[in-house]
Every structure is written in C-alpha cells, then in structure tokens.
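S.K.: Predicted model and sequence below, questions to follow.
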Amino acid sequence: MPDFNLLHYPTLDRQESLQRQWRSGLAGVFVGVAVAGSAVAWWSWQTEQLQQTRQSVQAQWVERKRQTDLRQQQRQQDQSVQQQLTQLSLLQSRQQAWLLLQSSVMEEAQGQGLRLQRLQVEAGRVEIQGQAPSAQVMSDAAQRLSDRWGQPLHLLSLEALPASEAASKGVSFVWQGTWPGLTEAVVQTHKARP
C-alpha cells in the first residue's frame, strides 16, 4: 500500500493543479491583452503618422499644382502680350513705311510738278494716280521713285489730258507696285538718307 501522507490529498492536488491552471490562464490572458493592446496602439500610431504624412504630401502636391497653374497662366499671358507687341510693332513699321512712302511720293510730285489724285495701298500693292506736265516728266519721276524704293513701278495707264483740263499739254497716269517690297525699301531708304 502506498504511503499515506496527510498533507498530500488527491483532491487537494487537483485543487492546486486547477488553481495553477487558472492562474497561468489568467496570466496568459493578461499578457495577451497587453500585447494586443500594445499592437493596436502601435498600429494606431503608425496609421496616424501615415495619415499626417499623406496630408502633408497632398498639401504639397496641391500647392505645386497651384503654382504650376499660375506659371502656365502667366506664360499664356506673356505669350498674349508678346503677340500683341509683335502686332503693334508690325503695325507701327507699316505705318512708318506708309508715311515714308507718302512723303517720298509727295516730295517727288512737288519737285516735278506732278498732281497726285490718288495714293492707295491694298492687297499687297500700291497704286498711284495723278497728272504730269509731260510723259517724259512722268517717266523720270517713276524711275526715280523705283530707284529710291528698290521696287519697280509699272505703268498701268497713260492718257493725254484733254485741252480743256490743262493749260498746257499733260498726261494722266496710273502706276502700280508691290507693297511688301516698297515697305522694306522705303524704311531702308529713309535710314540711308541724311
């Protein structure tokens, strides 16, 4: 028969074993809850950090996009202003060329006794209509203007004036030339003249 120990009862053994199991189970639960709580807190902190980083990056992106849009609008405005300046410059150079063309024709007319009736520029061509004391004077004036402009003037029409319109013999003429060539030549001639 096994030794009988009063301090060691089988039911007491079971109770102690059960208590140890409960204590170790409760300790495991507490440790598990603590580890799970720490993991949840860590994930929450990480999520918050990522959210802040995302918001910061998104704010930077929005600011860069705004700056890019502003630069693009500024470029478009600059291009528009540049186009306007180019058009104004072209208009100014054409106006100067027109004034020089007109002044050179008037100068030649006054020097040779020509009477101009019409000076018209349209569709890339210039047309001059007037009267001259003679065909020779008209021809010399046309040659001088052609030489001055570097562009030939073509005679479109030449008619003798009726005796009732002129005290002396005279001719009515119409000259025609190309406008772009005249524009460049008039500007160059004007610069070359003292």
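M.R.: Thanks, I have it. Model, not experiment: these values are computed from the prediction.
S.K.: Need the residue closest to the centroid of this structure.
M.R.: Centroid-nearest residue in the chain: Q79, 2.8 Å away (criterion: CA atoms, centre = their mean).
S.K.: element containing it, please.
M.R.: Assigned by DSSP states H and E, Q79 belongs to helix 10-112.
S.K.: Just want the angle from the following helix or strand past that helix to helix 10-112.
M.R.: Where DSSP H and E defines the elements, the next helix or strand beyond helix 10-112 is strand 115-122. Angle of strand 115-122 versus helix 10-112, following axes from the mean of the first three to the mean of the last three CA atoms, to 10 degrees, is 160 degrees.
S.K.: which helices and strands does strand 115-122 pack with?
M.R.: Other elements packing on strand 115-122 under the criterion 3 or more CB pairs under 8 Å, 6 or more residues apart in numbering; DSSP states H and E are helix 10-112, strand 125-132. Where you see a C-beta, it was placed from the backbone N, CA and C, and this is true even at glycine.
S.K.: okay, these in CSV with distance to L153 and mean pLDDT next?
M.R.: As requested, those are exported to CSV (distance: least, CB to CB, whole Å; pLDDT from 0 to 100):
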stretch, distance to L153, mean pLDDT
helix 10-112, 10, 90
strand 125-132, 7, 88
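S.K.: ranking these by burial, who's on top?
M.R.: The highest mean neighbour count among the helices and strands packed on strand 115-122, using mean count of other CB atoms under 10 Å, belongs to strand 125-132: a mean of 20.
S.K.: separation between T11 and E107?
M.R.: Distance, T11 to E107, using CB to CB, to the nearest Å: 140 Å.
S.K.: swap in G150?
M.R.: 17 Å.
S.K.: Counting neighbours, what do you get for K169?
M.R.: K169: 11 surrounding residues under other CB atoms under 10 Å.
S.K.: and if you look at W175?
M.R.: Number of residues near W175 (other CB under 10 Å) recorded here: 23.
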